[in-house]
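Asks: Return a 3D structure for these sequence lines:
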Amino acid sequence: MELKQVEKIAKALGDINRLKILQYMHQHDGRVECMELGNIINLAQPSISHHIKKLTEAGLIEPQKDGRYYLYTLNQTTWQEYVQAIQTL
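Replies: Numbers count the residues shown, from 1 in each chain. I've put the predicted structure just below:
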């Protein structure tokens, strides 16, 4: 993994709300529906969308459209590559 990607992931992990989303996903089989996110973090929908966008851009989660809604899943490959990159610094 390139250092630029490591930096992008580290920045995405630098927010408590994004960490809460990832923690929730990890505890629930690595996925979450967009409607559940309002229950996880007490923020307005535009703020939730912002956090999801940052996690998606970092490659930590992947969106899947399910009708009108989205289902987000953890990207285990990216996470493992990130952990390995951090260990080799």
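Asks: In three-state terms, how would the spatially most central residue of the chain be classified?
Replies: In the chain, the centroid-proximal residue (C-alpha atoms, centre = their mean) is Leu55; its distance is 3.8 Å. Classification of Leu55 by DSSP: H, G, I helix; E, B strand; the rest coil places it in helix.
Asks: For it, give me its contacts.
Replies: Taking C-beta atoms under 8 Å, 6 or more residues apart in numbering, we find Leu55 in contact with 12, 18, 21-22, 61, 72. (Glycine included, C-beta is placed from N, CA and C.)
Asks: Give the other helices and strands that the worst-scoring helix or strand of the chain on mean pLDDT contacts.
Replies: Ranked by mean pLDDT, DSSP states H and E, the helix or strand of the chain with the weakest confidence is helix 37-40, at a mean of 84. Contact here means 3 or more C-beta pairs under 8 Å, 6 or more residues apart in numbering; DSSP states H and E; on that basis helix 37-40 packs against helix 16-27, helix 45-57.
Asks: Run through the protein and note the low-pLDDT ranges.
Replies: Applying pLDDT under 70 to the chain picks out no residues at all.
Asks: try 90 this time
Replies: For the chain, the stretches with pLDDT under 90 are 33-45, 66-70, 89.
Asks: follow-up on the earlier one: tell me the gap between the least confident helix or strand of the chain and the middle of its chain.
Replies: Distance, stretch centre to chain centre, for helix 37-40: 14 Å (C-alpha atoms, centre = their mean, to the nearest Å).
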